[in-house]
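Undergrad: Kindly return the folded structure for what I paste below:
(one chain, ligands or ions: 2)
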Amino acid sequence: MLKQKTIAFLGAGNMAEAMISGMIQTEKVPANQIIVTNKCNYDRLNILEDKYGVRTAPITELPYKEIDFLILAMKPKGAEETLSTIKDLLPSNQVVISVLAGITTSFMEERLNTGQEVIRVMPNTSSMIQESATAMSLGTYTNEDNADAVNELLECMGEVYVIEEDQMDIFTGIAGSGPAYFYYLMEQMENVGKVSGMNDKMARKIAAQTVYGAAKMIMEKEEAPAELIDNIVSPNGTTAAGLDALKKHNGGEAITQAINNAAKRSKEISKELDGVLVPS
Ligand SMILES: NC(=O)C1=CN([C@@H]2O[C@H](COP(=O)(O)OP(=O)(O)OC[C@H]3O[C@@H](n4cnc5c(N)ncnc54)[C@H](O)[C@@H]3O)[C@@H](O)[C@H]2O)C=CC1
Ligand SMILES: O=C(O)[C@@H]1CCC=N1
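TA: Ligands and ions are numbered 1, 2, ... in the order given. So this is what the prediction gives:
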């Protein structure tokens, strides 16, 4: 289904690159059917062209009629201007996909022509290696075939979850921002290893392998985290001592706060940006 689709990115940053990398690796989307544009920084476009074989174009020269899926991948504050620029350039059957935190489907629909199909998506940077946890929520006018095709496209980047849009803020807090929390924790693990005399590279790999193995256990065994914890803890052993310290220092509360704060920020972005809507 994807072989015939043309996909364009508006925005050539980290998230766009991660998604392009995921798509190219599956070989489901031919590289020359991906077109990337950026507001400025044309060097960045040259880098992506050389690295992935994608096509690039200045924003004013995008072949809108040729494009099936137009992916908004700039910062959320650029959405308003971009939607007003592209509004009358889009064919009616083109799907606008946004990965922008806090930008709702109704925000997009209100700024595009009536009936334009929009899909809100929240991937994460693990799209780069096809290991994203990605959510998608459909807009008012999305047709089923297009929704299926976009789902298939997102599967190039990892697992896809179709969720109600009112879950998108919390999903963003858990999975969109989530990799950063784990990088932060792994950085601490690495540092503790280094301080104790471990070789730098080995300390990093040990931390990453430990987290990777634990995540894989949850994915592959149908056991709850609590059961897996039970398998590690010996009475009066090292893990009990470690978990005691983690609980004493509110480790669980810290991750809950991180997720809730990110979700709160996603909601705030929606409110802040929606405030600038000028009725036509
Ligand atoms: N980085 C991440 O982990 C994730 C980011 N997102 C969303 O992806 C979007 C992009 O984030 P990043 O790639 O991290 O940012 P970034 O700063 O790396 O890239 C943004 C790119 O958009 C370009 N740009 C700005 N305005 C533009 C416009 N009007 N038209 C075309 N290009 C424009 C910039 O030149 C830049 O290359 C954000 O809205 C963010 O909420 C979503 C999920 C995860
Ligand atoms: O930090 C951000 O706002 C974006 C959205 C999710 C990950 N990065």
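
Undergrad: who's in contact with the spatially most central residue of the chain?
TA: Most central in the chain under CA atoms, centre = their mean is Pro123, positioned 2.0 Å from the mean C-alpha point. Taking CB atoms under 8 Å, 6 or more residues apart in numbering as the criterion, Pro123 is in contact with Met15, Ala18, Met19, Val99, Ser132, Thr134, Leu154, Met157, Gly158, Gly176. Where C-beta positions appear, they are placed from N, C-alpha and C, glycine not excepted.

Undergrad: got TSV for these, with secondary structure and pLDDT too?
TA: Putting the contacts of Pro123 into TSV (DSSP: H, G, I helix; E, B strand; the rest coil; pLDDT from 0 to 100) gives the following:
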residue	secondary structure	pLDDT
Met15	helix	98
Ala18	helix	98
Met19	helix	98
Val99	coil	98
Ser132	strand	98
Thr134	strand	98
Leu154	helix	98
Met157	coil	98
Gly158	strand	98
Gly176	helix	98
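
Undergrad: thinking again about what came up before, from Ala79, how far off is the residue nearest to the centre of the chain?
TA: Distance of Pro123 to Ala79, computed by CB to CB, to the nearest Å: 17 Å.

Undergrad: try Asp148
TA: 25 Å.

Undergrad: Asn151 now?
TA: 23 Å.

Undergrad: Which one's more surrounded, these two?
TA: Ala79 (22 against 15; other CB atoms under 10 Å).

Undergrad: Just the element for the more buried one, please.
TA: helix 79-86 (DSSP states H and E).

Undergrad: ditto for Ser234
TA: Going by DSSP H and E, Ser234 is not in any helix or strand.

Undergrad: What pLDDT is listed against it?
TA: Per-residue pLDDT puts Ser234 at 98.

Undergrad: The nearest residue to it once chain neighbours are set aside in helix, strand or coil?
TA: Counting by CB to CB, 6 or more residues apart in numbering, the nearest residue to Ser234 once its immediate chain neighbours are dropped is Ala240, at 7.1 Å. Here Ala240 is helix, with the state taken from DSSP: H, G, I helix; E, B strand; the rest coil.

Undergrad: Ala240: neighbour count?
TA: Considering only other CB under 10 Å, Ala240 is surrounded by 12 other residues.

Undergrad: Please renumber the chain so that the first residue is 22 from this point on.
TA: New numbering, starting at 22: the last item is Ala261.

Undergrad: Relative to Leu267, how far out is it?
TA: 11 Å.

Undergrad: re earlier: so for the helix holding Ala100, mean pLDDT?
TA: The model assigns helix 100-107 a mean pLDDT of 96.

Undergrad: Any buried residues in that helix, and which?
TA: Ala100, Glu101, Thr103, Leu104, Ile107 (16 or more other CB atoms under 10 Å).

Undergrad: Which member of those residues is positioned nearest Glu87?
TA: Ile107 (14.1 Å; CB to CB).

Undergrad: show me where this structure has helices.
TA: Applying DSSP state H to the chain gives helices spanning 35-47, 63-73, 100-107, 126-132, 165-176, 189-192, 199-216, 221-241, 246-251, 259-269, 272-295.

Undergrad: Residues touching the longest one, excluding its own?
TA: What it means is helix 272-295. With CB under 8 Å, 6+ apart as the criterion, helix 272-295 contacts 97-98, 100-101, 122-125, 128, 189-191, 193-195, 197-199, 202, 267.

Undergrad: Export it to CSV, keeping only CA atoms.
TA: Output of helix 272-295 as CSV, limited to C-alpha atoms (Å, rounded to 0.1, in the frame of the first residue of the first chain):
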residue,chain,number,x,y,z
GLY,A,272,12.0,7.1,42.8
GLY,A,273,8.4,6.1,41.9
GLU,A,274,7.1,9.6,42.7
ALA,A,275,9.9,11.2,40.5
ILE,A,276,8.9,9.3,37.4
THR,A,277,5.2,9.9,38.0
GLN,A,278,5.9,13.7,38.4
ALA,A,279,8.0,13.6,35.2
ILE,A,280,5.2,12.1,33.2
ASN,A,281,2.5,14.3,34.7
ASN,A,282,4.5,17.5,34.2
ALA,A,283,5.2,16.7,30.6
ALA,A,284,1.5,15.9,30.0
LYS,A,285,0.6,19.2,31.7
ARG,A,286,3.0,21.0,29.4
SER,A,287,1.4,19.4,26.4
LYS,A,288,-2.0,20.7,27.5
GLU,A,289,-0.5,24.1,28.1
ILE,A,290,0.9,24.2,24.6
SER,A,291,-2.6,23.5,23.2
LYS,A,292,-4.1,26.3,25.3
GLU,A,293,-1.3,28.8,24.5
LEU,A,294,-1.4,28.2,20.8
ASP,A,295,-5.1,28.0,20.4
